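J.: Mind looking at a prediction? Sequence and model below.
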Amino acid sequence: MCPNSVQVLGAPSPDVVVLGTVTVVVTVFVLPQPATANANPSANATPTALLTTDRIRPQSSSGCEDLGVPDTFEIRPARESDRMPLALLFAGVAEELDWIATEPPVDVGRRAAAWTIEAIVVAVADEEIAGFLHLERSRHGYGEVALAVAPEYRGYGIGTALLEVAIDTARAEGLHKLSLSVFAHNEGAIGLYRKLGFVEEGRRVKHYRRADGGLWDSVDMGLLL
């Protein structure tokens, strides 16, 4: 089995984690835009394109074959039945203590009920959710991106492919910008975002108090579309 040499990528929003990879897979989809009272006037219009289902072949960052990983991952819209699997994935990332603001224990029932399912797409491997992307639209014309990949599926292009989904979706829907926040110590994530065109817009010094008393900086990044 190939070693996982890819650093975990993360974002410090309480309900957000961004976990990506350094292997770029060009896989583009468009999310149907959810109707919400806070959306801009075009929010309820027919989207310019709808999400299509496709499969991506995993690509190990080391270039070697990993017999423990499925041959393909399906990317599809999230379903109501995905609520608990998504919450369990989120709780598992929180257990790592390094990449998101949320720390364990996570109330998975409450987290499962809180998802905005229509704003999420998932990457599925053998009927198991390997990762997800959440795109929160603002009535002001920008989108907040959140991404998560389960530890055992990191390093195979899923994170990058899902982030490409967010970029293409935002452009198709007429958003003018995507934004995200990442812990300043997460150099791997910052490097990936830069590679995809995001730029640093500011630093929040000692912004997040951790359970152990540590105070962590975060970096705000944005991509003009």
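T.: Perfect, thanks for sending it. The structure presented is a predicted model; accordingly, all values stated were derived computationally and were not measured.
J.: Show me where this structure has its helices.
T.: Ranges of helices in the chain, per DSSP state H, are 83-95, 108-114, 158-173, 187-195.
J.: Quick check: buried residues in the shortest one?
T.: It refers to helix 108-114. 108, 111-112 (16 or more other Cβ atoms under 10 Å). From N, CA and C alone the C-beta is placed, and that goes for glycine too.
J.: and if you look at stretch 70-87?
T.: Under 16+ other Cβ under 10 Å, the buried positions of stretch 70-87 are 70, 73-78, 82-83, 85-87.
J.: next one: stretch 182-194
T.: 182-184, 186, 188-190, 192-193.
J.: Just put those in CSV and tack on distance to Y156 and pLDDT.
T.: Below are the buried residues of stretch 182-194 laid out as CSV (distance: Cβ to Cβ, whole Å; pLDDT from 0 to 100):
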residue, distance to Y156, pLDDT
V182, 21, 88
F183, 23, 88
A184, 26, 91
N186, 19, 84
G188, 15, 75
A189, 17, 77
I190, 21, 85
L192, 14, 78
Y193, 19, 83
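J.: Quick check: which of the helices of the chain is nearest to E128?
T.: When these are compared by Cβ to Cβ, helix 83-95 sits nearest E128, at 7.5 Å.
J.: What is that closest one packed up against?
T.: helix 108-114, strand 128-137, strand 142-149 (3 or more Cβ pairs under 8 Å, 6 or more residues apart in numbering; DSSP states H and E).
J.: buried sites along the longest one?
T.: Residues of strand 128-137 classed as buried by neighbour count (16+ other Cβ under 10 Å): 129-137.
J.: angle of it against helix 158-173?
T.: 30 degrees (axes from the mean of the first three to the mean of the last three Cα atoms, to 10 degrees).
J.: Can you tell me what sits against strand 128-137?
T.: With contact meaning Cβ atoms under 8 Å, 6 or more residues apart in numbering, strand 128-137 is reached by 16, 19, 31, 33-34, 36, 39, 43, 73, 78, 82, 85-86, 89, 116, 119-124, 143-150, 153, 158-159, 162-163, 165-166, 169-170, 173, 175.
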